[in-house]
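> need a structure here:
(chains A and B)
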Amino acid sequence: MAVDSPPRNALAGWRQVPVQELVLPVVIVALFIAGVIIRPEVFPTSDNLLNVLTQASITGIIAIGMTFVIATGGIDLSVGSVLAAASIAGGLLADYGSWMFILGAIGFALLLGVINGLAITWGKVVPFIATLAMLTIARGLALWMSDKTPISLIELDILQQIGGGRVLGVPVPAIVFVLVAIAGWVLLNRTTFGRHTIAVGGNRSAARIAGIRSNRVVFAVYALIGLCVGISAVLLSGRLASASPVVGNLVELDAIAAVVIGGTALTGGKATVTGTFFGVITFALIFNLLNLLNMPAEIQGIVKGALILAAVALQRRD
Amino acid sequence: MTEADSPLLEVRGLVKDYPGVRALDGVDLTVTRGQVHCLIGQNGAGKSTLIKCVSGLVEPTAGEVRFEGEPLPVGDPNASIARGIATIYQELDLVPHLSVALNVFLGHEQRRGPLLNRAAMHRETAALLARLGDEGIAPTAAVTTLRPAQQQVVSMARALSHSVKLVILDEPSAVLDDVEVEALFKVVRRLTAEGVGIIWISHRLGEVAQLGDRVTVLKEGRTVATELPPDTPVDTLIGHMVGGRMEALFPDRKPFREAPVLEVRGLTRAPDVHDASLTLREGEILGLAGLVGSGRTELLRSIYGLDTAQSGQVEVAGKRLPPGRPDLAIRAGLGFAPEERKSQGLWLDWSMVRNTSIADLSRFRRGPLTDRAAERREAAKHLRSLKTRPDAPERPAREFSGGNQQKAVLARWLLRSCKVLLLDEPTRGVDVGARSEIYRVIAELAANGIGIVMVSSELAELLGFCHRVLVLREGHVVDELDGATSTEEDVLRSAVPVHHTTAGGSAPRIPPETQTKAG
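Next up is the predicted model:
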């Protein structure tokens, strides 16, 4: 970044690089090698790898937002349902063109995120319950607003370009994911807001004494994840060329799993966007390999759950 | 009292090292059956660490603990309990909303099949309370409804619910008034008559003569005197405790300026603070004295806006503060160093730099980003000016001693260039050697024009270098004393309630830690 790192003195070695930031790249390389060995004719093709990245991007963008929420010691269980509700909200505006879809989807997701934030700060409802309630509210809204029917977006060329197009051979969703990850990294590590987020998650009373208005920070992270979900809704709907009220099932689990496996503490106060990024890629590769091995979906579910359990159990050790 | 047959507890050459601090440096102690052994020493002398080693909460670095002639396994609280050692800590570890009986049997509940056998527990609790001479407490009552003294009795009953041979009491009298202390003495005498050994830790030297059989004095982690008879003159005890260098501890009082920097008028937050007023001038060090529960901490918190005052005004340099807004108090020039430094003052995993810069991060903003080089430079500058040791601002706060952690909190407010610093027990958890340095730092800040309001439980500290001392009692400012000329007796005369309050007067009070933990 712009700021040079200062000359390291002998004591600078204390800085513990989070284990996951070192381990996960190794895991990713290992998975890659495994893929090359298992299915040399399919796995290492650019089509397959770009497909992995595209699928990872929908969850990945949400996981970046989830990193901030978990950094404050909170959780957002509603993201999957909000993803669907935002898609439908955009879909209702489909007649007015792609840009109105985008505005509608992102605006609605942001609105639901703001409601989560208000319930948690102003309403003093614990995040687990507030977002659990939103999980069912948003799913209900999605089904109700769409009359339980998917909305076709086949007319929206720009939207489909965004969801399914490529720039210099790279799928647009993957580009957006990387940009969101970079923005998230800068926000967490290089801005006052990021530091305050960690401060509130690490020690709420000390933060108050240091003059940080915790409620504002907490409110902001739920609005932020709403924004991330909105962006994902645009990419997903564009790729599917339709807005469906049933998409996004269990996306919250995938996002939380990626964040946790990346090394962000569920208790708050310790967060890494880099770790989350690697966590998303790790999961995407694992499921791609399971797919290539023709493992049925139920096996994938078992593997996913076991991985989350192992990741959290390992985190508890330090 | 009973002459020593075989000693109940023998501690030999006990050493405990924490990172950067040697808390115990060769402690010896012998307690016999039926004996009340008083353990005294200044805060930070190692009393708490010693009893934690005996009760198994802390594993000593070196040395030996023998109980009834046999070595006690170290670092195993369950082993200590099983052998008959019960510890009653300063912060009562009762579960507020459970009944007395359930608290007494917490962790070893009596069952009938898979279910709790409440009847048996109530019956046995009643018997235990009777044994303690306190039939007034109902086994079914919730602990929150009891007065502090009664809560203490419940803790004792819990200790007795195991077959107990040694009871350790950590400052049991700190939260009690005289009548309640007398009742507690009776309980203790009943126990010793049964042959139970008692370790009684206290700051009140008067209790030693009344209750003790033997006295041991700790200073800077060492046993400086042991097996003293209870009629040892108080002056001699104090001499052992301070090692004759109490005076040199404190820096000189520097003159302060005329301009008032903090004005508090009629501040009220029921039930803790009533109509409190004070004026603080630039460079003045104002002490707040009072017993535990007198509202000292609450007054500081209300001034700062951590608690929302119901009425009254706070002005900093002529600017009026809205109640309940610490962020605006900071902007106006206030700074606050809380008593619970680790849980409320610091992020222990963060570097000292981050802990120092957190209250004024926006000043390092360059565009949307934080200029981390400037942040590091400024924070390190202030940490160095306070002679923080080791000089390693990138290391996490966790690795620093209590005194140096306190310096990070002070450096935070220096970096923020505050005008008034509110300090709540600034030397709590700071070892004696480092205290004089904290005093010197505070005096230097004052000499630079910062106004200081300081709460302390140690009168010597308040009278040692404060310009003025305000005494609080039951939430009211009841006296104002000149720091240089007043004595501890002057302070105590105002601080101790004239009449002994009964159940109605001093409402049941759960220690503040228990209440605020959730927040």
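> For stretch B:390-404, list every residue counted as buried.
Buried residues in stretch B:390-404, counting neighbours by 16 or more other C-beta atoms under 10 Å in any protein chain shown, are found at B:A392, B:P393, B:E394, B:R395, B:P396, B:A397, B:F400, B:S401, B:G402, B:G403, B:N404. Every C-beta, even on glycine, is put in place using the N, C-alpha and C of the backbone.
> Dump these into TSV; add secondary structure as well.
Formatted as TSV, these follow (DSSP: H, G, I helix; E, B strand; the rest coil):
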residue	secondary structure
B:A392	coil
B:P393	coil
B:E394	coil
B:R395	coil
B:P396	strand
B:A397	helix
B:F400	coil
B:S401	coil
B:G402	helix
B:G403	helix
B:N404	helix
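> Distance to A:T136 and pLDDT for these - can I get that in CSV?
Shown next, in CSV, are these (distance: C-beta to C-beta, whole Å; pLDDT from 0 to 100):
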residue, distance to A:T136, pLDDT
B:A392, 51, 91
B:P393, 49, 94
B:E394, 47, 93
B:R395, 47, 92
B:P396, 42, 93
B:A397, 42, 93
B:F400, 48, 86
B:S401, 51, 82
B:G402, 49, 83
B:G403, 53, 85
B:N404, 51, 90
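> among those, which are in reach of chain A?
B:A392, B:E394, B:R395, B:P396 (C-beta under 8 Å from any C-beta of the partner chain).
> so where's chain B shaky on pLDDT?
Low-confidence segments of chain B, defined by pLDDT under 70: B:1-5, B:20, B:43-44, B:90-92, B:174-175, B:177-178, B:242-249, B:431-433, B:497-519.
> give the contact list for the residue of the stretch 151-300 of chain B found nearest chain A.
Per C-beta to the nearest C-beta, B:L300 is where the stretch 151-300 of chain B lies closest to chain A, at 11.0 Å. Counting by C-beta atoms under 8 Å, 6 or more residues apart in numbering or on different chains, B:L300 touches B:L288, B:F336, B:L422, B:D424, B:V453, B:V455.
> from these, which single one is nearest chain A?
Distance to chain A, by C-beta to the nearest C-beta, is smallest for B:F336 among the contacts of B:L300, at 5.5 Å.
> Mind telling me what element that closest one is part of?
Using DSSP states H and E, B:F336 sits in strand B:334-337.
> again, but for A:T282
A:T282 belongs to helix A:273-292 when elements are defined using DSSP H and E.
> tell me what that helix is packed against?
In terms of contacts (3 or more C-beta pairs under 8 Å, 6 or more residues apart in numbering or on different chains; DSSP states H and E), helix A:273-292 is packed against helix A:19-38, helix A:46-71, helix A:172-190, helix A:251-261, helix A:297-315.
> so which of these comes closest to A:W122?
Closest approach to A:W122 among the helices and strands packed on helix A:273-292 (C-beta to C-beta): helix A:46-71, 16.9 Å.
> Flag every buried residue along the closest one.
Neighbour counts over helix A:46-71 (16+ other C-beta under 10 Å) mark A:48-71 as buried.
> Over to stretch B:297-312?
So stretch B:297-312, judged by 16+ other C-beta under 10 Å, has buried residues B:297-307, B:309, B:312.
> Three-state assignment for B:V167, please.
Assigned with three-state DSSP, B:V167 falls in the strand class.
> how far away is the residue of the stretch 151-300 of chain B closest to chain A from A:F193?
Relative to A:F193, B:L300 is positioned 29 Å away (C-beta to C-beta, to the nearest Å).
> Could you check how far B:V420 is from chain A?
To chain A, B:V420 is 14 Å away according to C-beta to the nearest C-beta, to the nearest Å.
> so that residue sits right up against B:L334, yeah?
Yes. Using C-beta atoms under 8 Å, B:V420 is in contact with B:L334, at 5.2 Å.
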